[in-house]
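A.B. asks: This is a predicted model, with the sequence first.
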Amino acid sequence: MALFGLFGKKKEEAQEASVKEDLEKGLERSRSGIFGKLTRAIAGRSTIDDAVLDDLEEVLVTSDVGVDTTLRIIERIQARVARDKYLGTGELNVILREEIAELMKDPEPVDPAIKPYVIMVVGVNGVGKTTTIGKLAHAFKAEGRSVVLGAADTFRAAAVDQLRIWSERVGVPIVQQGMGADPAAVAFDTVQSAKAKGSDVVIIDTAGRLHNKVGLMNELTKVRNVMGKVIPDAPHEVLLVLDASTGQNAIEQAKQFTKATDVTALALTKIDGTAKGGVAIGISEQFGIPIKYLGVGEGMHHLQVFDKKVFVEALFKG
């Protein structure tokens with residue numbers, strides 16, 4: 001049993017088909033925007049020349065891929081055209097998929113020997129952090145794994161309440177101390193409890209206050225360090241949750257959080273409600289951090305483990 005192969009198991013064919021279908025539906029708005037722009041950019045042209053590349057650059061930048069990442073993509077395509085000589089605009093879509101996929105990272109599988117596997121979740125308020133935690137807990141439980149949630153976002157009473165509701169909905173235990181409690185103390189108690197019970201996975205929520213708050217780095221560092229006192233390598237994953245619909249603002253949040261803590265993986269939420277799906281390419285390439293999860297709907301099962309080839313194929317399908 002494995003969350004879409006996260007623990008090293010192979011996906012079932014039926015599950016793969018369902019994942020691709022959900023992803024294609026989720027990326028429909030982004031795909032129609034990018035493909036429409038791309039079609040107009042190469043209309044009536046047969047060769048990939050400087051004019052086509054200039055138009056392609058504009059397509060990618062206006063699709064929230066980001067300037068720096070777009071320039072790297074264009075450079076790679078220029079090099080490929082120079083190498084292969086006879087590539088035409090008919091091959092441009094395939095070339096784009098291949099070169100973009102090369103720039104992105106796939107998430108590493110989880111070592112099943114690690115128990116409990118500790119995930120510390122960070123991100124600003126409103127990005128879908130608590131919902132992502134709930135979906136993760138549901139997915140792990142569906143595999144038959146025992147999960148414990150830690151309500152270390154004690155800055156807002158609502159945050160603890162929301163996580164408790166998710167714990168009840170999914171049917172997993174939660175460690176909480178209420179609003180105003182020391183977040184590090186909650187994290188410590190959660191990991192200690194999970195270790196004592198032999199739980200498989202621990203998911204720790206953290207405060208979602210604005211990413212430019214001065215105390216963010218100190219707080220996250222304290223939470224990380226205290227978990228390491230219970231399990232030396234914990235947390236095994238620091239997951240930054242970003243809202244894809246915010247486009248370039250998501251990239252700015254990633255900049256701030258990667259400065260504040262050692263982010264090891266990304267989760268992009270609300271990918272199904274936006275035309276800004278291209279931001280996934282820019283974030284993954286710019287920070288060199290793998291996107292691990294995509295939120296492609298509101299249901300508990302609408303959380304996917306990221307596969308760069310499947311994602312790029314769905315985004316540029318047409």
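C.D. replies: Great, that's in hand.
A.B. asks: Residue 68 - how many residues pack around it?
C.D. replies: By the criterion of other CB atoms under 10 Å, residue 68 has 12 neighbours. Every residue, glycine included, has its C-beta placed from N, CA and C.
A.B. asks: Checking the residue nearest to it when sequence neighbours are not counted next. Helix, strand or coil?
C.D. replies: With CB to CB, 6 or more residues apart in numbering as the criterion, residue 68 has its nearest non-adjacent residue at 6.1 Å, and that residue is residue 286. Counting by DSSP: H, G, I helix; E, B strand; the rest coil, the backbone at residue 286 sits in helix.
A.B. asks: wouldn't residue 286 be in contact with residue 69 here?
C.D. replies: Yes: contact criterion CB atoms under 8 Å: residue 286 and residue 69 qualify, at 5.8 Å.
A.B. asks: Now do whichever helix in the chain runs longest: which elements does it pack against?
C.D. replies: For the chain, the longest helix by residue count, based on DSSP state H, is helix 67-84. Helix 67-84 is packed against helix 50-61, helix 92-103, helix 279-287, with contacts defined by 3 or more CB pairs under 8 Å, 6 or more residues apart in numbering; DSSP states H and E.
A.B. asks: repeat that with 10 Å
C.D. replies: helix 50-61, helix 92-103, helix 248-260, helix 279-287 (3 or more CB pairs under 10 Å, 6 or more residues apart in numbering; DSSP states H and E).
A.B. asks: how about those, which one is nearest residue 130?
C.D. replies: helix 248-260 (16.4 Å; CB to CB).
A.B. asks: the more surrounded of residue 286 and residue 69?
C.D. replies: With neighbours defined as other CB under 10 Å, residue 286 and residue 69 compare such that residue 69 has more, 24 against 19.
A.B. asks: any idea how far that one lies from residue 225?
C.D. replies: 33 Å (CB to CB, to the nearest Å).
A.B. asks: Could you report the distance from residue 155 to residue 207?
C.D. replies: 4 Å.
A.B. asks: more neighbours, those two?
C.D. replies: Neighbour totals were compared for residue 155 and residue 207, and residue 207 leads with 22 against 18 (other CB under 10 Å).
A.B. asks: show me the contacts for that one.
C.D. replies: 122-125, 129, 152-156, 159, 183, 213, 215-216, 219-220, 223 (CB atoms under 10 Å, 6 or more residues apart in numbering).
A.B. asks: got the phi/psi numbers for the residue of the chain positioned farthest from its centre?
C.D. replies: What lies farthest from the middle of the chain is residue 44; by CA atoms, centre = their mean that is 37.5 Å. When quoted as degrees, to the nearest 10, the phi and psi of residue 44 stand at phi 80, psi 10.
A.B. asks: give me every residue that touches it.
C.D. replies: residue 89.
A.B. asks: Just give the number of residues close to the closest residue to residue 267 other than its chain neighbours.
C.D. replies: Distances taken as CB to CB, 6+ apart place residue 293 nearest to residue 267, at 4.1 Å, with adjacent residues excluded. Neighbour count of residue 293, defined by other CB under 10 Å: 24.
A.B. asks: Same check on residue 66?
C.D. replies: Using other CB under 10 Å, residue 66 has 22 other residues around it.
A.B. asks: Check what pLDDT it gets.
C.D. replies: pLDDT recorded at residue 66 is 88.
A.B. asks: Check whether it really touches residue 278, as I assumed.
C.D. replies: Yes: with contact defined as CB atoms under 10 Å, residue 66 counts as touching residue 278 (8.3 Å).
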